[in-house]
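**Student:** Kindly return the folded structure for what I paste below:
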Amino acid sequence: MRETWTLAKRELRAYFDGPAAYVVLSVFVLFTGWFFANSLFLDNVASLRSVFDIVPFIFLFFIPAITMSTFAEERRSGTLELLLTMPIRDWQVITGKLLAVAILLAAALGLTLVYTLTVATLGDLDGGATFGGYLGLFLLGVTCAAIGVFASSLTRNQIVAFIIGFAMIFGLYLIDKVTPFFPGWLSSILQYLGIDYHYRNLLRGVIDTRDVLYYVSVTFFVCLLTAYNLARRPE
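**Tutor:** Reported below is the predicted structural model:
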């Protein structure tokens, strides 16, 4: 665990020593703040619904942007092979990098708590839906981060890693939107595979273990794929 945390701190320093983390966090807050302010001042509605609706779409770009360098930059600079030959297991490397992204994600979501305080002051805050929304966003974000880390492990080019990560997340985001075009038994399967479907369930304020298990399972499976890819020791 110590090695994992050391790697996570290393990744966090890499994010915050440069402008990347600050730019991404600033853009995230500006976008969410814009939609919250529109709902508050133009529609005269003190609600977090607009924020919870837009954040999954922002994640399509936000997550690949912060994960594209996790392995791609290591491979480009030639430090990946050195890292993987150190006395540390591959799963610890993957977990450390994913943990750093999860902390950055938690920081981004934490910045939106000011909207929650505003709603609690001006309106009637639905505690269950708010908790479910934030839990759903965090689980959704971590799952997308695992996909982004896997995409980064496939290439040494960060732009390519961003495109692959975006395509994979976007595919899972859309998969439950095309169910009307498929027969009932297949549409049920596609609906369950949809990454946004489970988030919408949690957003209702009902914490169903099936939705939580979905995100945990997908995250674990994608991490296994990343570990398999790293085990091949690409040049």
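**Student:** pLDDT below threshold where in this protein?
**Tutor:** For the chain, applying pLDDT under 70 flags the ranges 43, 78-87, 181, 184-185, 233-235.
**Student:** show me what contacts Ala108?
**Tutor:** Counting by C-beta atoms under 8 Å, 6 or more residues apart in numbering, Ala108 makes contact with Val24, Leu25, Phe28, Val29, Phe62. Quick note: C-beta positions are derived from backbone N, CA and C, even for glycine.
**Student:** how does it look with 6 Å?
**Tutor:** With contact taken as C-beta atoms under 6 Å, 6 or more residues apart in numbering, Ala108 is in contact with Leu25, Phe28.
**Student:** From Tyr22, how far off is it?
**Tutor:** According to C-beta to C-beta, to the nearest Å, Ala108 stands 11 Å off from Tyr22.
**Student:** Run a quick neighbour tally on Tyr199.
**Tutor:** 26 (other C-beta atoms under 10 Å).
**Student:** was I right about it contacting Leu140?
**Tutor:** Yes. With contact defined as C-beta atoms under 6 Å, Tyr199 reaches Leu140; the gap is 5.0 Å.
**Student:** how about the helices of this structure, start to end?
**Tutor:** Under the criterion DSSP state H, helices of the chain are mapped to 2-17, 20-37, 49-67, 72-77, 80-84, 90-111, 113-122, 127-152, 158-174, 184-193, 195-203, 209-231.
**Student:** So what touches the fourth one?
**Tutor:** Spelled out, it's helix 72-77. The set of residues external to helix 72-77 that reach it, using C-beta under 6 Å, 6+ apart, is Leu80, Ser152, Thr155, Arg156, Gln158, Ala161.
**Student:** what separates Ala21 from Leu105, distance-wise?
**Tutor:** 11 Å.
**Student:** Trp5 too?
**Tutor:** Between Trp5 and Leu105 the computed distance is 17 Å (C-beta to C-beta).
**Student:** Just give the closest residue to the residue most central in space within the chain, not the sequence neighbours.
**Tutor:** Central residue of the chain (C-alpha atoms, centre = their mean): Gly141, 2.2 Å from the mean position. If the residues on either side of it in the chain are set aside, Gly141 comes closest to Leu105, at 4.4 Å by C-beta to C-beta, 6 or more residues apart in numbering.
**Student:** wait, isn't that neighbour in contact with Leu139?
**Tutor:** No. Contact between Leu105 and Leu139 fails when scored by C-beta under 6 Å: they sit 10.4 Å apart.
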